[in-house]
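J.: Coordinates for the following, if possible.
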Amino acid sequence: MRRLLPYPLLTASLLVMWVLLNDLTSGHVLLGAVIAISASNVMARLQPQKPRIRRWLSIPQLIAIVAADILRSNIAVARLILRQKHVRRVSGFVTIPLDLRDHTGLSVLACIVTSTPGTAWVEYDSARSTLLLHVFDLVDEGEWIDLIKNRYERLLMEIFE
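T.: Below you'll find the predicted structure:
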């Protein structure tokens, strides 16, 4: 069974996503199952490092913080765009030194930063352990460094390292 479904959670979530994006018919369920099982087997051949979660209790806190930040950022970006003539906006890049080394934690941080409107993960330099972040409305670089390090990186290090 492990050979057919090396990543059962991935297979199940892909199947659920397929059914949610398409109709709930037997044909779509069958096609979604074939695609999900195939994707799971491709992942097994890539042999990714399996994440180790050390503090499960920090995950709900991280989810709540990210959800609140995404909501707040949506409102802030919408205001900036709608009041474009009245507000002076300066976009820019911020280099953030990271202490986080876990690959899964870095991937989660990339998802958080990229899913938050107004920010984009541009580059990660593994040799220097720095993140290059693009910010839509850059007012204070230090504030962004503090936000990433104390709000996200600290929790991700608790969870994964």
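J.: Only C-alpha atoms from now on, for both contacts and neighbour counts.
T.: Fine.
J.: Within the helices and strands, which one has Ile145?
T.: In this assignment (DSSP states H and E), Ile145 forms part of helix 141-147.
J.: Report the buried residues of the helix or strand that that helix is followed by.
T.: Past helix 141-147, further along toward the C-terminus, the next helix or strand under DSSP H and E is helix 154-160. For helix 154-160, a neighbour-count test (16 or more other Cα atoms under 10 Å) marks Leu155, Leu156, Met157, Glu158, Ile159, Phe160 as buried.
J.: What are the structural domain limits within the protein?
T.: 8-46, 58-160 (automatic domain parsing).
J.: nearest to Arg52, of those?
T.: Closest approach to Arg52 among the domains of the chain is made by domain 58-160 (6.2 Å; Cα to Cα).
J.: so how far does the closest one reach from one end to the other?
T.: Counting by Cα to Cα, to the nearest Å, you get 10 Å between the two ends of domain 58-160.
J.: Likewise for stretch 47-63?
T.: 27 Å.
J.: Buried residues, it. List them.
T.: Ile53, Leu62.
J.: And for that stretch, what's in contact with it?
T.: Identification of contacts with stretch 47-63 by Cα atoms under 8 Å, 6 or more residues apart in numbering yields Thr104, Tyr152, Leu155, Glu158, Ile159, Phe160, Glu161.
J.: can we see that at 6 Å?
T.: For stretch 47-63, the surrounding residues in contact (Cα atoms under 6 Å, 6 or more residues apart in numbering) are Ile159, Phe160.
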